[in-house]
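> The following comprises the amino acid sequence and a computationally predicted model.
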Amino acid sequence: MDILRVMGGHRLKGSVNINGSKNAALPIMAASLMSSGEVILNDVPELEDISVMIRALESLGAHIKREGHTLIIDSSHIHRFQVDESIARRMRASNLLMGALLGRFGQARVAYPGGCAIGSRPMDIHIKGFQRLGYDISDLPGYMDGRANQVNGREIMLDIPSVGATENIMMAAVFAPGQTLLRNAAREPEIVDLQNFLNRMGARIRGAGLDCIRIDGVKTLRGTEHSVISDRIEAGTFMVAAALTRGDVWVENVILEHLQPVIAKLGETGAEIMTRPGRVRVIGNRNYSATDIKTMPYPGFPTDMQAQMMSFLCMTPGTSVIVENIFENRFMHVQELRRMGAEIKIEGRVAIISGGKLKGAAVEASDLRAGAALILAGLGAEGETRISRLDHLDRGYERIHERFQALGADIVRERTVDN
Ligand code: UD1
């Protein structure tokens, strides 16, 4: 078992390059199986979740070459349409193979997904969308099973703007004759990247990034080359780290528009933020003030940055309030932050934080972003923090400790002896 040892109190300085987005790469990898032509994907981060998606695609018959951050995907030999439980349980995003397989082959069987334990995360909105397009979906023990019946473009209204449902339904509608109108769609940048990728392959999709997406059915898709957008959550994580260590860091290779909610909130606390095309500089301050945050669908404040901001606000004088509107059970990091001396009261979806000092402790990452939040807490705390359950962190951050080291953090990864 690996742990991270973080010695707090070092100001971060220098520059860090942001990788391609995990949450954009995963649906794009799923969508690559919709063409029998060769797909080349650049800027794919080297993460455990990406390896799981590679294994999932290979289990269906795809041939994949991985060269650093580039994937070459050949889906001309797909002969299976079933994603097994052993893969689906490891990552919720494996559900995206449902829309892609239904779209190209008109049949799919995908085990109900796992992933971060941050709420019940049902699939009802995805399933209703598939059914509305004309797919028969049945519930087998542990699996969703789908078959094309009378598939046609239709108007679909999502109950809530679910990111995954928007992506899945977009893929399932690419070949549906006529026009599909997807209303109350999620507007996240990763959906725009999926649209751009599908359109490069020959799909006809407009409107991603707005709440109504139009998909005109096409007959085939060809191979293409595409570069994945930069990861706004990874960028946000380094920005908060720079602020809370009172550092001075250039975060490079970012899309500034995607960072606006984080830039606005950090600015409100008193961090100095300078932007230049493709890069942002965060300069820490001595006197931060408390702030309030509500997580919302894009372009609101991202739920995937909630835990990291909480670590920061735990060390910011005054009372801050965080409302988690997206997931019902996304405060598992609170218990670990309390071990470090944080004062946080939870009432349902609301966390009330009284800022003070944190002290190093032994803590456990309960999910991916909670893991990132604990690193940030450790960077700002007095003494040593030891973080275990790094498997969660490895799912979504590439060599994160080395990148913090390069900014001057005292952080090492160690193997401990299992009992
Ligand atoms: C994606 C992101 C995840 C991010 C989340 C919200 C990927 C791979 N993951 O997850 O990092 O935290 O968006 O920005 O891109 N819901 C239902 N029924 C459904 C589908 C969703 O009730 O059929 C609910 C969920 O339980 C949750 C909310 O909708 O409460 C939002 O979930 P959704 O937007 O679907 O998140 P994911 O696509 O799973």
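Sure thing, it's come through.
> Now residue 334: closest residue in space, sequence neighbours ignored.
residue 344 (5.0 Å; Cβ to Cβ, 6 or more residues apart in numbering). (Each C-beta comes from the backbone N, C-alpha and C, glycine too.)
> gap between the one you found and residue 322?
Remark: distance between residue 344 and residue 322 (Cβ to Cβ, to the nearest Å) = 9 Å.
> which element is the residue of the stretch 51-200 of the chain found nearest the ligand on?
Going by Cβ to the nearest ligand atom, the ligand is nearest to residue 164 of the stretch 51-200 of the chain, at 2.8 Å. According to DSSP states H and E, residue 164 maps onto helix 163-173.
> so what does that helix touch, helix or strand wise?
helix 22-32, helix 96-105, helix 124-133, strand 179-183, helix 189-200, strand 212-216 (3 or more Cβ pairs under 8 Å, 6 or more residues apart in numbering; DSSP states H and E).
> Would you convert those into JSON lines that also reports mean neighbour count, mean pLDDT and distance to the ligand?
Formatted as JSON lines, the helices and strands packed on helix 163-173 follow (neighbours: other Cβ atoms under 10 Å; pLDDT from 0 to 100; distance: least, Cβ to the nearest ligand atom, whole Å):
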{"stretch": "helix 22-32", "mean neighbour count": "27", "mean pLDDT": "98", "distance to the ligand": "3"}
{"stretch": "helix 96-105", "mean neighbour count": "27", "mean pLDDT": "97", "distance to the ligand": "8"}
{"stretch": "helix 124-133", "mean neighbour count": "20", "mean pLDDT": "96", "distance to the ligand": "3"}
{"stretch": "strand 179-183", "mean neighbour count": "19", "mean pLDDT": "98", "distance to the ligand": "14"}
{"stretch": "helix 189-200", "mean neighbour count": "22", "mean pLDDT": "98", "distance to the ligand": "6"}
{"stretch": "strand 212-216", "mean neighbour count": "20", "mean pLDDT": "98", "distance to the ligand": "15"}
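> hang on, the earlier thing: in terms of pLDDT, where does the residue nearest to residue 334 sit?
Looking at residue 344, its pLDDT stands at 98.
> Can you give the contact residues for the helix or strand hosting it?
Using DSSP H and E, residue 344 falls within strand 343-347. Contact with strand 343-347 is made by 310, 314, 331, 334, 337, 338, 351, 352, 353, 354, 356, as judged by Cβ atoms under 8 Å, 6 or more residues apart in numbering.
> Excluding chain neighbours, what is closest to the last one?
I take that to be residue 356. Using Cβ to Cβ, 6+ apart, the closest residue to residue 356 is residue 343 (6.2 Å).
> for the second one, same thing?
Distances taken as Cβ to Cβ, 6+ apart put residue 342 closest to residue 314, at 4.1 Å, once the chain neighbours are dropped.
> measure the one you found to residue 307 for me?
12 Å.
> and this protein, which of its residues are near the ligand?
Residues of the chain found near the ligand (Cβ under 6 Å from any ligand atom) are 23, 26, 92-93, 119-126, 160, 162-165, 186, 190, 303-304, 326-327.
> Please indicate which of the residues you listed are buried?
23, 26, 92-93, 121, 123, 125-126, 162-165, 186, 190, 303-304, 326-327 (16 or more other Cβ atoms under 10 Å).
> Isn't residue 154 up against residue 132?
Yes: judged on Cβ atoms under 8 Å, residue 154 makes contact with residue 132 at a distance of 5.5 Å.
> who's in contact with the helix holding residue 164?
With Cβ under 8 Å, 6+ apart as the criterion, helix 163-173 contacts 23, 27, 30-31, 34, 92-93, 95-96, 98-100, 102-103, 125-126, 129-130, 133, 135, 153, 156, 158, 180, 182, 185-186, 188, 190-191, 194-195, 198, 205, 208, 213, 215, 217, 297.
> got the angle between that helix and strand 179-183?
170 degrees (axes from the mean of the first three to the mean of the last three Cα atoms, to 10 degrees).
> Return the set of buried residues in the least confident helix or strand in the chain by mean pLDDT.
One helix or strand of the chain scores below all others by mean pLDDT, DSSP states H and E: helix 85-88, with a mean of 90. For helix 85-88, burial by neighbour count (16+ other Cβ under 10 Å) applies to 87, 88.
> What is the distance between whichever strand or helix holds residue 337 and the centre of its chain?
Using DSSP H and E, residue 337 sits within helix 332-339. Distance of helix 332-339 from the chain centroid (Cα atoms, centre = their mean, to the nearest Å) equals 21 Å.
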